[in-house]
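1. just coords:
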């Protein structure tokens with residue numbers, strides 16, 4: 001398998017007069033799992049949107065050598081994205097299958113809801129891969145948090161992207177659902193470059209290739225044994241870091 005690469009050169013991101021990222025540079029190669037961590041407001045979601053071309057930036061973002069800076073229509077064909085759940089109301093009548101179908105329908109001008117055989121196979125494959133094919137006809141409003149997240153991951157997988165970005169995929173998911181989601185995310189990282197942000201990074205550490213610590217800039221990027229250290233994390237999280245039997249834990253007050 002050829003290397004999957006995501007490269008950032010001189011990335012600068014500002015909101016008004018406030019600079020969030022300043023001249024950041026890094027290169028990620030896959031497959032593998034990259035865990036992105038940092039306190040609330042650190043810039044994790046902003047970084048993801050910059051990589052996806054969803055916000056205005058300075059610098060360069062290259063995927064597999066292709067410049068996709070500020071081009072969400074191109075970046076979206078190479079990166080699957082699962083945004084953070086922020087308490088949205090899913091009471092409107094839309095089914096699991098329709099959510100996954102939208103990954104294809106919304107790319108068309110104008111959108112159409114009929115699909116040729118190859119696209120229908122993509123949709124069914126994504127539903128099966130995430131184990132939601134048996135509930136494909138259910139309304140999204142009737143799903144648990146874990147089921148809902150699997151549906152949105154299935155949507156991100158429809159085009160079989162080489163890179164997958166997931167922003168806090170464990171939010172509002174019960175403990176058993178978290179275990180299943182973490183297992184699926186780890187399995188996907190064996191064939192894709194997966195970036196996942198999490199307020200509970202410990203669940204991913206046994207498979208993580210790299211840890212990226214973000215706090216209004218990239219504070220650290222490296223293997224877990226070089227980054228998950230009390231001294232470094234204390235500078236980022238303050239008193240939210242503590243030691244239990246030589247293991248570092250982060251508690252930043254983020255509720256399920």
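-> Perfect, I can see it now. All values derive from a computational prediction rather than experimental measurement.

2. quick one: contacts of the strand or helix carrying residue 24?
-> With elements taken from DSSP states H and E, the one containing residue 24 is strand 18-30. Outside strand 18-30, the residues that touch it by Cβ atoms under 8 Å, 6 or more residues apart in numbering are 3-14, 34, 43, 46-47, 50, 59, 162-163, 189, 192-195, 210, 212, 216-218, 221. (Glycine included, C-beta is placed from N, CA and C.)

3. Show me which of these are buried.
-> When the contacts of strand 18-30 are checked for burial by 16 or more other Cβ atoms under 10 Å, the buried set is 4-8, 11, 13, 34, 43, 46-47, 50, 59, 162-163, 189, 192-195, 210, 212, 216-218, 221.

4. Just these: which are in strands?
-> Within those, residues falling in strands by DSSP state E are 4-8, 11, 13, 34, 59, 163, 193-195, 210, 212, 218, 221.

5. how far away is residue 181 from residue 117?
-> To residue 117, residue 181 is 30 Å away according to Cβ to Cβ, to the nearest Å.

6. let me redo that: residue 14
-> Distance, residue 14 to residue 117, by Cβ to Cβ: 46 Å.

7. got the contact list for residue 31?
-> Neighbours of residue 31 in contact, by Cβ under 8 Å, 6+ apart: 1, 4, 189, 190, 191, 192, 193, 194.

8. any chance of the residues you listed in TSV, plus distance to residue 206?
-> Supplementary listing: the contacts of residue 31 in TSV, determined by distance: Cβ to Cβ, whole Å:
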residue	distance to residue 206
1	22
4	21
189	12
190	13
191	18
192	18
193	18
194	14
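
9. which one of these is nearest residue 38?
-> Distance ranking of these against residue 38, using Cβ to Cβ, places residue 194 first at 17.6 Å.

10. hang on, the earlier thing: ok and the strand holding residue 24 relative to strand 218-222, angle-wise?
-> Inter-element angle recorded for strand 18-30 and strand 218-222: 10 degrees (by axes from the mean of the first three to the mean of the last three Cα atoms, to 10 degrees).

11. ok, strand 18-30: who's next to it in the sheet?
-> Using DSSP bridges, the strands paired with strand 18-30 are strand 4-15 (antiparallel).

12. The strand it pairs with - what's its average pLDDT?
-> Per-residue pLDDT values over strand 4-15 give a mean of 94.

13. now what about that strand, what contacts it?
-> By Cβ under 8 Å, 6+ apart, the surrounding residues in contact with strand 4-15 are 19-31, 43, 46-47, 50-51, 55, 57-65, 162-163, 192-193, 195.

14. Leaving out the residues flanking it, which one is nearest to residue 80?
-> Distances taken as Cβ to Cβ, 6 or more residues apart in numbering put residue 156 closest to residue 80, at 3.4 Å, once the chain neighbours are dropped.

15. how close does the most centrally placed residue in the chain get to residue 44?
-> Averaging the C-alpha coordinates of the chain gives a centre point, and the residue nearest to it by Cα atoms, centre = their mean is residue 166 (1.3 Å). Distance, residue 166 to residue 44, by Cβ to Cβ: 11 Å.

16. No more questions from me, cheers.
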